[in-house]
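S.K.: no sequence on this one, just coordinates:
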């Protein structure tokens with residue numbers, strides 16, 4: 001569970017070229033019930049996006065997170081949502097080509113602009 005997710009995030013942060021090989025494991029972690037594991041998985045995706053090692057664009061990653069994997073409970077948890085907001089910072093490139101995905105990302109940012117948790121609003 002958690003130890004595996006933390007190790008995966010650290011690999012993705014320190015060696016994104018190797019972390020990309022763990023993408024399917026990261027996807028599995030997104031569906032976990034333990035929200036700490038989910039938080040680490042979102043942070044790993046953020047690291048992979050920042051490392052520019054994914055063969056897909058940001059919006060493919062965002063669709064995976066927003067529609068397929070994260071539970072409603074995860075999207076309401078401040079620690080997970082903080083990582084989601086950081087992940088969304090990667091979405092500026094390619095927004096013109098992915099208008100639907102960009103709208104969803106912007107809606108998520110907008111919906112959380114006044115969140116009670118300061119870490120989410122950062």
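M.R.: Sure, I can see it. Bear in mind that the values here come from a model prediction, so they are computed numbers and not experimental data.
S.K.: in this protein, where's the longest helix?
M.R.: Looking across the chain with DSSP state H, the single longest helix is helix 35-50.
S.K.: how about the helix or strand following that one: buried residues?
M.R.: Reading on from helix 35-50 to the C-terminus, the next helix or strand found by DSSP states H and E is helix 58-63. By neighbour count with 16 or more other Cβ atoms under 10 Å, helix 58-63 contains the buried residues 58, 59, 61, 62, 63. For the C-beta atoms, the positions are set from N, CA and C on the backbone; glycine is no exception.
S.K.: my read: the first one touches residue 89, true?
M.R.: No. The criterion here is Cβ atoms under 8 Å, and residue 58 misses it with residue 89 at 9.8 Å.
S.K.: who touches residue 82 in this structure?
M.R.: 39, 117, 119, 120, 122 (Cβ atoms under 8 Å, 6 or more residues apart in numbering).
S.K.: about what we covered before: pull out the buried positions in the longest helix of the chain.
M.R.: 35, 37-49.
S.K.: and for stretch 14-34?
M.R.: For stretch 14-34, a neighbour-count test (16+ other Cβ under 10 Å) marks 16, 19, 20, 22, 23, 26, 28, 29, 30, 32 as buried.
S.K.: name the residues that touch it?
M.R.: Outside stretch 14-34, the residues that touch it by Cβ under 8 Å, 6+ apart are 1-2, 4-5, 8, 11-13, 37-38, 40-42, 44-45, 47-48, 50-54, 64-65, 69-71.
S.K.: 7 Å instead?
M.R.: Residues outside stretch 14-34 that contact it (Cβ atoms under 7 Å, 6 or more residues apart in numbering) are 1-2, 5, 8, 11-12, 37-38, 40-41, 44-45, 47-48, 51, 53-54, 64-65, 69-70.
S.K.: then stretch 61-71?
M.R.: Residues from elsewhere that reach stretch 61-71 (Cβ under 7 Å, 6+ apart): 27, 30-31, 38, 42, 45, 49, 54, 84, 87, 91, 101, 104-105, 108.
S.K.: and the least confident of these?
M.R.: Ranked by pLDDT, these bottom out at residue 101, which scores 64.
S.K.: nearest residue to the middle of this structure?
M.R.: Closest to where the C-alpha atoms of the chain average out (Cα atoms, centre = their mean) is residue 42, at 3.4 Å.
S.K.: sweet, I'm off.
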